[in-house]
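[1] pasting the structure only:
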């Protein structure tokens, strides 16, 4: 008798809608952030290409052929390019800007470094290129533009690194240009955009899921329980639901370990006649609340009809204490009334020697309930006039 939370259609549709909305939101987030990220890379690529074109226009073949060592720093070709690169580096907010070539021994070396000579990591003409960037500079010297596919997160900040070939007037590659562009602002902006898009998607998804569940419940009716299987007054499962569950147990041969409890509100007609139908309804509702409070994965309560209720219990071999507690709780409510209403209770556990199915078990429980009614009547004191 375990309750199947997702067996109802409205919950199944809610789960389907939730899944669709979550997947849609994830898709929107991914597409939006990727489009923005690509636009950021495109913007940074445009900046470094402009720098490369400007530097290339300032070069002459002599710039690379005449500058080979520290001693060549006094030459006019070095000083001219050095001043221009320092100016470009300052204006363009560049971390590094340098030119490189291969020396006569075929090794990659610096030609002109855009850093000021006082910088700790300034490189002199002829200094060897670091191993980690040699492969990309080799590609640039072969005529390829080496552009990154992402902003690099380093210990010294977010940077965009690109390598370009440099050509002479005849379009012959005479050297390479390395550019490291500070991209802290772009990276921070991308993070903010990602967080904002994520927040919007989560908010939209939450609102859409809540709205869809609410609307579907309103349209599909029920709100929390299927109306066809729910008693309107008590909100317990009704007789139709009980008979469906009972027949399912019979069909699945799951009668073993089942207990049927039949409960009747004794003297309810007397309460209706003497105190009015509102009090009679109150008796039924209070009995239902008590039964509802003991429901669990193994106990299900039903309003069987009128003033009669049924409990289906699974694997409850000794239900006496629970049933006595139910009667006591109702007795405390009934003591406030002027008529002797009480709960008559009978139960029977499925016995394959006595019962063909749960219907037979219910009949035995019904007989026990009528015996309890008789015992209650025998104990009743004559009622005072009301």
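    Looks like it came in fine. It should be emphasised that the depicted structure is a prediction, and the values quoted were computed from it without experimental measurement.

[2] shaky segments in the stretch 51-200 of the chain?
    Nowhere does the stretch 51-200 of the chain drop to pLDDT under 70.

[3] what ranges do the strands span in it?
    Counting by DSSP state E, counting those that start in this stretch, the stretch 51-200 of the chain has strands at residues 94-102, 108-113, 152-154, 157-167, 173-182.

[4] relative to residue 126, which of these is closest?
    Nearest to residue 126 among those is strand 108-113 (5.2 Å), distances taken as Cβ to Cβ. To be clear about C-beta, it is placed using only N, CA and C from the backbone, and glycine gets the same treatment.

[5] contacts for that closest one, please.
    63-64, 67-68, 78, 81-82, 85, 97-103, 122-129, 134, 137-138, 141, 175 (Cβ atoms under 8 Å, 6 or more residues apart in numbering).

[6] recalculate using a threshold of 6 Å.
    67, 81-82, 85, 98-103, 122-123, 125-129, 134, 137 (Cβ atoms under 6 Å, 6 or more residues apart in numbering).

[7] ok, of the residues you listed, which come out buried?
    67, 81-82, 85, 98-102, 123, 125-127, 129, 137 (16 or more other Cβ atoms under 10 Å).

[8] now do the longest helix along the chain: which elements does it pack against?
    When the chain is parsed with DSSP state H, its longest helix is helix 9-58. If contacts are counted by 3 or more Cβ pairs under 6 Å, 6 or more residues apart in numbering; DSSP states H and E, helix 9-58 sits against strand 157-167, strand 173-182, helix 184-220.

[9] looking at the residue nearest to residue 208 when sequence neighbours are not counted now. What's its pLDDT?
    Once flanking residues are discounted, residue 208 sits nearest to residue 21: 5.2 Å by Cβ to Cβ, 6 or more residues apart in numbering. pLDDT, residue 21: 80.

[10] do a quick rundown of the strands in the stretch 201-350 of the chain.
    With DSSP E, counting those that start in this stretch as the criterion, the stretch 201-350 of the chain has strands at 258-266, 299-305, 308-314, 342-349.

[11] would you mind measuring from residue 55 to residue 262?
    Applying Cβ to Cβ, to the nearest Å, the value for residue 55 to residue 262 is 96 Å.

[12] more neighbours, the two?
    Neighbour comparison, residue 55 and residue 262: the larger count goes to residue 262, with 24 against 21 (by other Cβ atoms under 10 Å).

[13] ok, now how distant is residue 109 from residue 99?
    From residue 109 across to residue 99, the span is 10 Å (Cβ to Cβ).

[14] quick one: closest of the strands of the stretch 51-200 of the chain to residue 270.
    Judging the strands of the stretch 51-200 of the chain by Cβ to Cβ, what sits closest to residue 270 is strand 152-154, at 82.0 Å.

[15] what pairs with the closest one, parallel or antiparallel?
    Strand pairing for strand 152-154, determined by DSSP bridges: strand 157-167 (antiparallel).

[16] name the residues of the partner strand that come out as buried.
    Those would be 158-166, for strand 157-167 by 16+ other Cβ under 10 Å.

[17] make TSV out of those and add distance to residue 362.
    Listed next are the buried residues of strand 157-167 as TSV, based on distance: Cβ to Cβ, whole Å:
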residue	distance to residue 362
158	74
159	79
160	78
161	81
162	83
163	86
164	88
165	91
166	95
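
[18] quick check, nearest of these to residue 317?
    residue 158 (68.8 Å).

[19] quick check: the closest one touching residue 186?
    No: contact between residue 158 and residue 186 fails when scored by Cβ atoms under 6 Å: they sit 7.3 Å apart.

[20] distance between the ends of stretch 126-137?
    15 Å (Cα to Cα, to the nearest Å).

[21] any idea how far it is from the chain center?
    Here stretch 126-137 is found 47 Å from its chain centre; the criterion is Cα atoms, centre = their mean, to the nearest Å.

[22] ok, stretch 85-103 next?
    A distance of 47 Å separates the centroid of the chain from that of stretch 85-103, by Cα atoms, centre = their mean.

[23] now what about it, what contacts it?
    Applying Cβ under 6 Å, 6+ apart, the contact partners of stretch 85-103 are 51, 64, 108-114, 129, 137, 175-182.

[24] list the contacts for residue 194?
    Contacts of residue 194 (Cβ under 6 Å, 6+ apart): residue 33.

[25] that one and residue 23, how far apart?
    From residue 194 to residue 23 the distance is 18 Å (Cβ to Cβ).

[26] what ranges does the stretch 251-386 of the chain have for its helices?
    Using DSSP state H, counting those that start in this stretch, the helices of the stretch 251-386 of the chain run over 268-275, 277-293, 320-334, 358-379.

[27] with respect to residue 307, which of those lies nearest?
    helix 268-275 (4.3 Å).

[28] quick one: that closest one to strand 308-314, angle?
    Orientation of helix 268-275 against strand 308-314 (axes from the mean of the first three to the mean of the last three Cα atoms, to 10 degrees) gives an angle of 140 degrees.

[29] which of the strands of the stretch 201-350 of the chain sits closest to residue 366?
    The nearest among these, by Cβ to Cβ, is strand 258-266 at 5.1 Å.

[30] in terms of secondary structure, what does the closest one contact?
    Where contact means 3+ Cβ pairs under 6 Å, 6+ apart, strand 258-266 is packed against strand 308-314, strand 342-349, helix 358-379.

[31] out of these, which gets nearest to residue 171?
    Going by Cβ to Cβ, the one of the helices and strands packed on strand 258-266 nearest residue 171 is strand 308-314, 86.7 Å.

[32] given that closest one, what are its sheet partners and their directions?
    strand 258-266 (antiparallel), strand 299-305 (antiparallel).

[33] ranking these by burial, who's on top?
    strand 258-266 (a mean of 24; mean count of other Cβ atoms under 10 Å).
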